[in-house]
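>>> What follows is a predicted structure for the sequence shown.
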Amino acid sequence: AILNSSRRAPSASGPAGREWFLFFVPSTPRSPTMRLSVLTLGGREIASMAAKGEWKKQEICSRIPGLEGGRLRAAAHLLYRGAEVTEDTSLDMLGFADGACLQLMLDRSGGDLVLTGSLDG
């Protein structure tokens, strides 16, 4: 934090004095990159990379082997804790942490996206 002061003229509400302003200077990020793994819904790792927090779907998909072509990338859904990484959401916006995993789901039918899960194996 940085403190800065300025003189203020006398006013009817109080004597002349100083006004203090507190400015917060944002700290630099801990690390410019973070480890990211991309897994299938079955849990198999298909990609691992050093990612930046501002990355969105395009930047991640371009680094996944086998996701060449616009139609296949359009069918790709990257999920993190129930939220989808899209062209409008970044890893930072979703609270992505270093070493966390994204789940890749390919929807080739073009219909509604419905996922279910169970912990019973």
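Received, thanks. Bear in mind the structure is a predicted one, so any value in this text is a computation, not a measurement. Residues are numbered from 1 along each chain as shown.
>>> Which parts of this protein are helices?
Assigned by DSSP state H, the helices in the chain fall at 57-61, 70-75.
>>> Put together a markdown table for these, with mean neighbour count on each row.
To be clear about C-beta, it is placed using only N, CA and C from the backbone, and glycine gets the same treatment. Formatted as a markdown table, the helices of the chain follow (neighbours: other CB atoms under 10 Å):
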| stretch | mean neighbour count |
| --- | --- |
| helix 57-61 | 18 |
| helix 70-75 | 12 |
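>>> So for Cys101, which of those helices sits nearest?
Between Cys101 and these, the tightest spacing by CB to CB is seen for helix 57-61, at 12.0 Å.
>>> Who are the packing partners of the closest one?
In terms of contacts (3 or more CB pairs under 8 Å, 6 or more residues apart in numbering; DSSP states H and E), helix 57-61 is packed against strand 45-51, helix 70-75, strand 76-80.
>>> Can you dump the C-alpha atoms of the second one in PDB for me?
So that's helix 70-75. Output of helix 70-75 as PDB, limited to C-alpha atoms (Å, rounded to 0.1, in the frame of the first residue of the first chain):
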ATOM      1  CA  GLY A  70     -12.900 -26.300 -36.300                       C
ATOM      2  CA  ARG A  71     -15.700 -28.900 -36.100                       C
ATOM      3  CA  LEU A  72     -13.800 -31.000 -33.600                       C
ATOM      4  CA  ARG A  73     -12.800 -28.000 -31.400                       C
ATOM      5  CA  ALA A  74     -16.400 -26.800 -31.600                       C
ATOM      6  CA  ALA A  75     -17.500 -30.200 -30.200                       C
END
